[in-house]
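> Whatever this is, show me its structure:
(one chain, ligands or ions: 2)
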Amino acid sequence: MANDSDSGSKGGLRKGLTSYGDSGFSLFLRKAFIKGAGYTDDALERPIVGIANTGSAYNPCHGNAPQLVDAVKRGVMLAGGLPMDFPSISIHESFSSPTSMYLRNLMSIDTEEMIRAQPMDAVVLIGGCDKTVPAQLMGAASANVPAIQLVTGSMLTGSHRSERVGACTDCRRFWAKYRAEEIDGQEIADVNDQLVASVGTCSVMGTASTMACVAEALGMTVPGGAAPPAVTSDRIRVAERSGATAVAMAKAKLTPDKIMTAKAFENALRVLLAIGGSTNGVIHVTAIAGRLGIPIELDRLDAIGRETPVLVDLKPSGQHYMEDFHHAGGVPALLRELKPLLHLDTLTVTGRTLGEEMEASGAGFKQEVIKPRSNPIFPQGGIAVLRGNLAPGGAIIKQSAADAKLMEHEGRAVVFENLEDLASRIDDDKLDVKADDILVLKNIGPLGAPGMPEAGYLPIPKKLARAGVKDMVRISDGRMSGTAAGTIVLHVTPESAIGGPLAYVMGGDRIRLSVKNRSIELLVTPEELERRAKSNPVTPPKAARGYRKLFLQTVTQADKGVDFDFLMADPANDRKPGG
Ligand code: FES
Ligand code: MG
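Numbering: from 1, shown residues only. Ligands and ions are numbered 1, 2, ... in the order given. Okay, here's the model as predicted:
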């Protein structure tokens, strides 16, 4: 370890040379091995840009990773650097059991440790599908090596019997039609071929698109990096520019802590709200900020929401798709509309400020997708924060995608104890449920399922769906897909699996939701709640070994980003970025 500080200050292959107590010999060995791949000394004397490659046969959202890696390499070499791609964990929403969220922190650890372990002066992070971008930004924040996010870009929309379709708001819509027996088996099979028309991430403003826009607003992508679809030449150019920019960042030592500041997170929350972004984005932004010791207060989010209108007309809050957002100018065009609300002095990966990049992006043009502030899609931000005796640590509702008639509502609770209970009873014709009841689902929080599944979008009971009921108030400690809509209260904190008040709701209790007053109240006395807690105490879940044990022992609640407690920055305990 004697030469640690000496080698740490040098870049390229010399970075992190600590082995054998002899840095000269360590470098000699390193060079000998890498030369096995045919490198010259000239190549090895250049700044090294790592490329985190998350291409995987299990992840069609990253199906263009090979082309992106090629383009990043070209950009790095044009700027005089040496590109080195390496594999890291890849997570797809549909192929990750029990949930993709369960694996997000594992991917963040992989990303952080591979950035730390391997010699690189900067890193380009290729991510896209929902949990991958937050995992990479969390890992990069903790490693604190110059880093740039490159998203894979959205998929194209498809066409079903002349109707435009895209994953996955339309997946849900068509499945609901099939359940209601409005379309037959042949049609549901036909549309299955069209919903995902190319590689790339979901084509609506789901979590992947939300996190792409958030990454750009944070300053962590090249300007205009969020919106180009996966299969376009624009996306490949973004990749080439990301490679070249990474070399400049390496030379300038432009680390994530200089870019992702408290002001940058405020900009990111503004954008999250103005795009009608996914509720999952709130958890991810909180987790990324937590790695830098920056708290995201739910009350601050709500205050920002009250003055930030939804401007982007994309499904599920509106009607368009990501490729339309790209044609309309993407995030730079949105930032122009939001300008008076933004901090313009935050740094971006280019080394210029957000304000300087906005100047450089030129004037807007006539388009239909990004509305002016004078004519918003929804007058307030997409997400409101609720509190009350049912959620002392907060809960959220995506008000832009909720039924206006249900946002002030009192009703009788119909309670499901867990996912199995829900599955076995929700479609039972004997279920005692009426349209103005409130559906409550327990045990789908961070520890509950575990991994906080996107099951907060409870289906409308079949007998009510058949009678034409489209929306009901639904409450849980889980999440919902960014592509879903309805009057759905999510992220109830603390969760039921650790004995939050939600655990003690009983069928027949009355619950009052008031989005106007930002409140969610269980109309049961404190004494009665205490009595229920005493007579039926909750035992938090445990596991005997492995990642599950680590997860259950250290995962935090939604208001802390569902990160592991020991990964969050905590200067008091000497846990800081790069430390
Ligand atoms: Fe990957 Fe939607 S499943 S972005
Ligand atoms: Mg999703």
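
> List the contacts of whatever residue of the stretch 1-150 of the chain ends up closest to ligand 2.
Closest residue of the stretch 1-150 of the chain to ligand 2, C-beta to the ion: Asp130 (4.5 Å). C-beta: built from backbone N, CA, C; applies to glycine. The contact partners of Asp130, by C-beta atoms under 8 Å, 6 or more residues apart in numbering, come to 91, 93, 100, 201, 206-208, 211, 280, 482.

> what do you get if the cut-off is 7 Å, keeping everything else the same?
93, 100, 207-208, 280 (C-beta atoms under 7 Å, 6 or more residues apart in numbering).

> Just the element for the residue nearest to Ala71 when sequence neighbours are not counted, please.
With sequence-adjacent residues excluded and distances taken as C-beta to C-beta, 6 or more residues apart in numbering, Ala71 is closest to Ala239, at 3.6 Å. Using DSSP states H and E, Ala239 sits in helix 233-252.

> wait, Arg532 sits on Tyr504?
Yes. Shown here, Arg532 and Tyr504 form a contact pair, counting by C-beta atoms under 7 Å, at 4.2 Å.

> Surely the residue nearest to Ala71 and Leu68 touch.
Yes. Using C-beta under 7 Å, Ala239 makes contact with Leu68 at a distance of 4.5 Å.

> Find the residues that touch each one of these two.
Leu150.

> Tell me the spacing between Asn53 and Met114.
As judged by C-beta to C-beta, to the nearest Å, Asn53 and Met114 stand 11 Å apart.

> any common contacting residues for those two?
Residues touching both Asn53 and Met114 (C-beta under 7 Å, 6+ apart): Phe86.

> Contact distance from ligand 2 - what residues of the stretch 101-250 of the chain qualify?
130, 206-207 (C-beta under 5 Å from the ion).

> Let's verify the residue in the stretch 451-579 of the chain that ligand 1 sits nearest to: helix, strand, or coil?
In the stretch 451-579 of the chain, the residue that lies nearest ligand 1 is Thr483 (7.5 Å; C-beta to the nearest ligand atom). Look at Thr483: counting by DSSP: H, G, I helix; E, B strand; the rest coil, its state is coil.

> contact partners of stretch 217-228?
By C-beta under 7 Å, 6+ apart, the list of residues contacting stretch 217-228 reads 137, 148-151, 153, 212-213, 215-216, 234-235, 238, 241-242, 245, 259-260, 264, 267-268, 271, 322, 325-326, 330-332, 346-350, 354, 357, 361.

> Hmm, I typed the wrong one, I wanted stretch 424-431.
Contact with stretch 424-431 is made by 416, 459, 461-463, as judged by C-beta under 7 Å, 6+ apart.

> rewinding a little: how about the helix holding Ala239: buried residues?
235-236, 238-251 (16 or more other C-beta atoms under 10 Å).

> Show the backbone phi and psi for Phe86.
phi -150, psi 150 (degrees, to the nearest 10).

> per-residue confidence at it?
For Phe86, the pLDDT comes out at 98.

> start at 239 instead
Will do, 239 is the new start, and the previous item becomes Phe324.

> show me where pLDDT drops low in the stretch 239-388 of the chain?
The stretch 239-388 of the chain contains residues with pLDDT under 70 at 239-247, 256-257.

> Let me see the ranges of the helices in it.
242-246, 261-272, 279-282, 303-316, 338-355, 370-381 (DSSP state H, counting those that start in this stretch).

> what do you get for the stretch 489-638 of the chain?
494-497, 500-512, 518-528, 536-544, 560-565, 568-576, 592-598.

> Looking at these, which is nearest to Lys553?
helix 560-565 (9.5 Å; C-beta to C-beta).

> Put the alpha carbons of the closest one into PDB.
Written as PDB, here are the backbone C-alpha positions of helix 560-565 (Å, rounded to 0.1, in the frame of the first residue of the first chain):
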ATOM      1  CA  MET A 560     -40.900   9.200 -27.000                       C
ATOM      2  CA  GLU A 561     -40.000   9.400 -30.700                       C
ATOM      3  CA  ASP A 562     -42.400  12.400 -30.900                       C
ATOM      4  CA  PHE A 563     -40.700  14.000 -28.000                       C
ATOM      5  CA  HIS A 564     -37.400  13.600 -29.800                       C
ATOM      6  CA  HIS A 565     -38.900  15.200 -33.000                       C
END
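
> chain center to that helix, what's the gap?
Mean C-alpha position of helix 560-565 versus that of the full chain (C-alpha atoms, centre = their mean, to the nearest Å) differs by 19 Å.

> quick one: average pLDDT of it?
98.

> Tell me which residues touch Pro697, please.
So Pro697 contacts Ile664 (C-beta under 7 Å, 6+ apart).

> Name the SS class of it, please.
Per three-state DSSP, Pro697 ends up coil.

> still on that earlier bit, the residue of the stretch 689-817 of the chain closest to ligand 1 contacts Cys440, doesn't it?
Yes. Counting by C-beta under 7 Å, Thr721 does reach Cys440; the two are 6.1 Å apart.

> okay, and the common contacts of those two?
Cys406.

> burial measure for Thr777, as a count.
8 (other C-beta atoms under 10 Å).

> who in this protein is up against ligand 2?
368, 444-445, 719.

> now with 6 Å?
Within the chain, the positions adjacent to ligand 2 are 331, 368, 444-445, 719-721 by C-beta under 6 Å from the ion.

> Least confident of these?
Where pLDDT dips furthest among the residues of the chain next to ligand 2: Thr721, at 75.

> for it, what are its contacts?
406-407, 410, 440, 442, 444, 554 are the contacts of Thr721 under C-beta under 7 Å, 6+ apart.

> picking that back up, can you put the helices of the stretch 239-388 of the chain in a markdown table and add distance to Ile426?
Below are these laid out as a markdown table (distance: least, C-beta to C-beta, whole Å):
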| stretch | distance to Ile426 |
| --- | --- |
| helix 242-246 | 58 |
| helix 261-272 | 52 |
| helix 279-282 | 54 |
| helix 303-316 | 31 |
| helix 338-355 | 25 |
| helix 370-381 | 29 |
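
> any idea what sits nearest Gly649, other than its immediate chain neighbours?
Ile676 (4.2 Å).

> now that we're looking at the one you found, how far away is ligand 2 from it?
25 Å (C-beta to the ion, to the nearest Å).

> That residue - how many residues pack around it?
25.

> Would you list the phi and psi of it?
Backbone torsions of Ile676, given as degrees, to the nearest 10, read phi -110, psi 120.

> contacting residues for it?
The neighbours of Ile676, taking C-beta under 7 Å, 6+ apart as the test, are 649-652, 711, 713, 749.

> Can you select the buried ones from the residues you listed in PyMOL?
A single PyMOL command selects the buried members of these (16+ other C-beta under 10 Å):
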select buried, resi 649+651+652+711+713+749
